[in-house]
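Novice: quick check, what structure comes out for this input:
(2 chains)
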2 protein chains.
Amino acid sequence: MGATELGAGGSITIVPLTDIFEITIIKIVLSTWQVTRRGACRSDTNQEERNVGKDISQAVIRRLPRYYRYLGELLDGGVERISSGELSARMNVTASQIRQDLNNFGGFGQQGYGYNVQHLYEEIGKIMGLNERHNIIVIGAGNLGQAIANYMNFEKIGFVIEGLFDINPSLKGRTIRGKKIAMLEELDAFVLHHKVDIAALTVPAESAPSVANHLVELGIRAIWNFAHVDLNLPDRDVVVENVHLSDSLMQLSYNIMMLGSQS
Amino acid sequence: MGATELGAGGSITIVPLTDIFEITIIKIVLSTWQVTRRGACRSDTNQEERNVGKDISQAVIRRLPRYYRYLGELLDGGVERISSGELSARMNVTASQIRQDLNNFGGFGQQGYGYNVQHLYEEIGKIMGLNERHNIIVIGAGNLGQAIANYMNFEKIGFVIEGLFDINPSLKGRTIRGKKIAMLEELDAFVLHHKVDIAALTVPAESAPSVANHLVELGIRAIWNFAHVDLNLPDRDVVVENVHLSDSLMQLSYNIMMLGSQS
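Specialist: Got it, this is the predicted structure:
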C-alpha cells in the first residue's frame, strides 16, 4: 500500500498526502461496507444518526454521558431523587426525550417518584461500561497527548493511561503522571505484555492511517482518534471515536456567521 | 451570584462545586428560554437536532466541515470534479443526503457533470465563514491550551491565536508560537485593544462558568468550551461550541461494550 508502514521496528516514514488519498478512495468502498456490516461507530459520520448495537441510536448514546455528568453533579449536590421534568429543565432536553432515552435501557423511573439519582447514575455508568477499567495508551506524546495523559478526570471514570509513545527522541523518558514516554519502536512489545483497551491517536494526519492500521494489527479494538483524518481500517471489529477539533471550530465559525446574520 | 467572579482585577477564587450547581439549576431555566429564543448552539445539547439560523439543522452543519475536508483532500489529489455518488462513497454519506445538504445552500451541482471540486470547496468554506479571519484567545494555557495554540492547521483555515492567558505565574511570559502567555489580570486590557472573535476555554470546570460569563461581559460572542461543564451564559447573543472529551471517551466505551456483545 502507499501509506506509511509501521514495521516491527516501528520506524515512520511520512509519505505524500496524495498517496494516502489514493488508497483512501479504494479503502472507503471497503469500509462503507464494513461499517454497515459490523455496525461500528464513526462518531462524525452519517452512521451516527442510524442505529448501532442494540438498536440504540448514536444520538441517544451522545446524550448518555451528559445524563451521567448531570446526575453526578446532582449527587455531589446531595440531591437524592429527581423527576424527568427537573432533569429536563436542567439538561435542556425534553422530559419525553429523557423518558424515551432511558426506556431504551429499561426505564429506571418510578411513577410519581421520578428517578433515584444514585441508582440512575450507577445504571447509566454500567450501560457505558464505566464500571470496568479501561487501559489507554497515547500514541503521540505532544501537547495534546500530554494533555490527555494529564487529565485526571478520565481516571476517575475508569480510563487509565498505561503508556505514551512518540517518535520524537527528545521526549524519550519524560514522565507524564508517573508514566515514561516511550519510543514507538517499543509499542509492539508493550502491547504484548500489557492489556490495552483503547489507543488515543494524537499523531499527524499523514501518519495516522498507517499507525491506526498497525494498532489494529496489534489487536487493539478501540481507537480514540484526534488526527484530522477519517480512519478507514481493515475489515475487523474495531470502534473509532473521532475528535476532529478543526471540524468543531468550523461549526463554531458557521454559528458565528448565523449569529451575525440574525442580529 | 454564587459562582466565581472575575473582577477587573481578574483574580480567580475557586468556589465549592455545589455553589455552582445551585446557580446552574436556576440559570438553566433562563438558558433554556434563551437558547430557544436566540437559537444559539450548544453542540452537545438536544438543540443540535433542531433547526437554528437559516433553518439549517446542526446535523447538516456537523457535516459541512467533513465535506470541506474531503474536498480539500480531493483538491490536493488533483481531482477537478466529482459526482455526489463518488463523494458519497468517499464520505460514507448517501448521495441523496449530500444533495439535500448542499441544496440547503443552493445546490452547486450540475446535472450530468457533478460538482466542481474547487468551486464547491470555496463555497462551503464561505458558508462556514472560513473566508474571514477569526482571532482566537486561549484562556487556560496548560497542555490543552498550548496544544490548541500550537496547532498550525487552525491558522490555515483562518483561525489565528492572538493570545494565551492563565493564572499560573510559572507560565507567565512563556512563548507559544510567538505569543507570550499572559496572566488573566491582563485579559480585560487585551480585549479592549485587540479584536477577539473566539475564546477557547481550557480552564477547570469549577471556574469555567464564571470565566465564560466574564468573557461575554467583555463582549466576546463565541466560546469554544473544553471545560467539562455546560456553560449557561447570561441572556445575550453568544454561540458556544463544546468539546467534552470525557463524553467522547464514554461514547467510545459504550461502543466497545456493544462490540463485545456482538462478537
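
Novice: and for residue A:85, the neighbour number?
Specialist: Look at residue A:85: counted by other CB atoms under 10 Å in any protein chain shown, it has 12 neighbours. No exception for glycine: its C-beta is placed from N, CA and C like everyone else's.

Novice: checking it next. Helix, strand or coil?
Specialist: helix (DSSP: H, G, I helix; E, B strand; the rest coil).

Novice: that one contacts residue A:94, correct?
Specialist: No. Residue A:85 is beyond contact range of residue A:94, at 9.7 Å (criterion: CB atoms under 8 Å).

Novice: give the rounded mean pLDDT of stretch A:106-123.
Specialist: Along stretch A:106-123, the predicted confidence averages to a pLDDT of 84.

Novice: do the same with stretch A:221-238
Specialist: pLDDT averaged over stretch A:221-238 gives 87.

Novice: and that stretch, how far out from the chain middle?
Specialist: 10 Å (CA atoms, centre = their mean, to the nearest Å).

Novice: buried stuff in that stretch?
Specialist: By neighbour count on 16 or more other CB atoms under 10 Å in any protein chain shown, the buried set for stretch A:221-238 is A:221-233, A:238.

Novice: over to stretch A:155-173?
Specialist: A:157-159, A:161-167, A:171.

Novice: do that stretch and chain B meet?
Specialist: Yes. Residues of stretch A:155-173 contacting chain B under CB under 8 Å from any CB of the partner chain: A:157, A:159.

Novice: between the two ends of that stretch, how far is it?
Specialist: 22 Å (CA to CA, to the nearest Å).

Novice: whatever helix or strand residue A:88 lives in packs against which elements?
Specialist: Here residue A:88, judged by DSSP states H and E, is contained in helix A:84-91. Under the contact criterion of 3 or more CB pairs under 8 Å, 6 or more residues apart in numbering or on different chains; DSSP states H and E, helix A:84-91 touches helix A:58-76, helix A:95-103, helix B:17-38.

Novice: try 6 Å this time
Specialist: helix A:95-103, helix B:17-38 (3 or more CB pairs under 6 Å, 6 or more residues apart in numbering or on different chains; DSSP states H and E).

Novice: can you tell me which of those has the worst average pLDDT?
Specialist: helix B:17-38 (a mean of 32).

Novice: stretch A:138-147: how far from the chain's middle?
Specialist: 15 Å.

Novice: ok so, going back, out of the buried residues of stretch A:221-238, which is nearest to residue B:198?
Specialist: residue A:228 (18.2 Å; CB to CB).

Novice: quick one, what contacts the closest one?
Specialist: A:205, A:244, A:246 (CB atoms under 6 Å, 6 or more residues apart in numbering or on different chains).

Novice: for these, which one is nearest residue A:189?
Specialist: For the contacts of residue A:228, the nearest to residue A:189 is residue A:205 (26.7 Å; CB to CB).

Novice: just confirm that closest one contacts residue A:227, I think it does.
Specialist: Yes. At 4.9 Å, residue A:205 counts as touching residue A:227 under the criterion of CB atoms under 6 Å.

Novice: output the lowest mean pLDDT helix or strand found in chain A.
Specialist: Among the helical and strand segments of chain A, the one scoring lowest on mean pLDDT, DSSP states H and E is helix A:17-38, with a mean of 32.

Novice: tell me the mean pLDDT for the longest strand seen in chain A?
Specialist: Criterion DSSP state E: the longest strand present in chain A is strand A:159-166. Summarised as a single mean, pLDDT over strand A:159-166 is 97.

Novice: then stretch A:64-76?
Specialist: Rounded mean pLDDT across stretch A:64-76 is 92.

Novice: give me the buried positions along it.
Specialist: Buried, per 16+ other CB under 10 Å, within stretch A:64-76: A:64-74.

Novice: just the residues you listed that are near chain B?
Specialist: A:65, A:73 (CB under 6 Å from any CB of the partner chain).

Novice: for residue A:197, state which of the buried residues of stretch A:64-76 is nearest.
Specialist: residue A:65 (17.4 Å).

Novice: who's in contact with that closest one?
Specialist: Residue A:65 neighbours (CB under 6 Å, 6+ apart): B:247, B:250.

Novice: let's see it at 8 Å
Specialist: A:128, B:244, B:246-248, B:250-251 (CB atoms under 8 Å, 6 or more residues apart in numbering or on different chains).

Novice: now the two most distant members of these.
Specialist: A:128 and B:244 (13.6 Å).

Novice: these two - which one has more neighbours?
Specialist: Ranked by neighbour count (other CB under 10 Å), residue A:128 and residue B:244 place residue A:128 first, with 26 against 22.

Novice: ranges for the strands of the stretch 101-250 of chain A?
Specialist: Assigned by DSSP state E, counting those that start in this stretch, the stretch 101-250 of chain A shows strands spanning A:115-116, A:134-139, A:159-166, A:175-176, A:179-183, A:198-201, A:222-225, A:239-242.

Novice: in TSV: those strands, plus distance to residue A:260.
Specialist: Output for the strands of the stretch 101-250 of chain A, formatted as TSV (distance: least, CB to CB, whole Å):
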stretch	distance to residue A:260
strand A:115-116	41
strand A:134-139	38
strand A:159-166	39
strand A:175-176	41
strand A:179-183	44
strand A:198-201	35
strand A:222-225	32
strand A:239-242	29
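
Novice: out of the ones you listed, nearest to residue B:180?
Specialist: That would be strand A:175-176 among those, by CB to CB, at 24.7 Å.

Novice: packing partners of the closest one?
Specialist: Going by 3+ CB pairs under 8 Å, 6+ apart, strand A:175-176 lies up against helix A:143-150.

Novice: next, the buried residues of the helix it packs on.
Specialist: Quick answer for helix A:143-150 (16+ other CB under 10 Å): A:143-149.

Novice: off-centre distance for that helix?
Specialist: Taking CA atoms, centre = their mean, the mean C-alpha location of helix A:143-150 is offset from the chain mean by 15 Å.

Novice: same for it, what does it pack against?
Specialist: So helix A:143-150, by 3+ CB pairs under 8 Å, 6+ apart, packs with strand A:134-139, strand A:159-166, strand A:175-176, helix B:143-150.

Novice: in JSON lines, list the ones you listed along with distance to residue A:201.
Specialist: JSON lines is the format used below for the helices and strands packed on helix A:143-150 (distance: least, CB to CB, whole Å):
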{"stretch": "strand A:134-139", "distance to residue A:201": "5"}
{"stretch": "strand A:159-166", "distance to residue A:201": "10"}
{"stretch": "strand A:175-176", "distance to residue A:201": "17"}
{"stretch": "helix B:143-150", "distance to residue A:201": "14"}
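
Novice: if I look at the closest residue to chain B within the stretch 151-263 of chain A, how far off is residue B:127?
Specialist: Closest to chain B within the stretch 151-263 of chain A is residue A:258: 3.1 Å, counting by CB to the nearest CB. Distance of residue A:258 to residue B:127, given as CB to CB, to the nearest Å: 10 Å.

Novice: residue A:159 now?
Specialist: For residue A:159, the distance to residue B:127 - CB to CB - is 36 Å.
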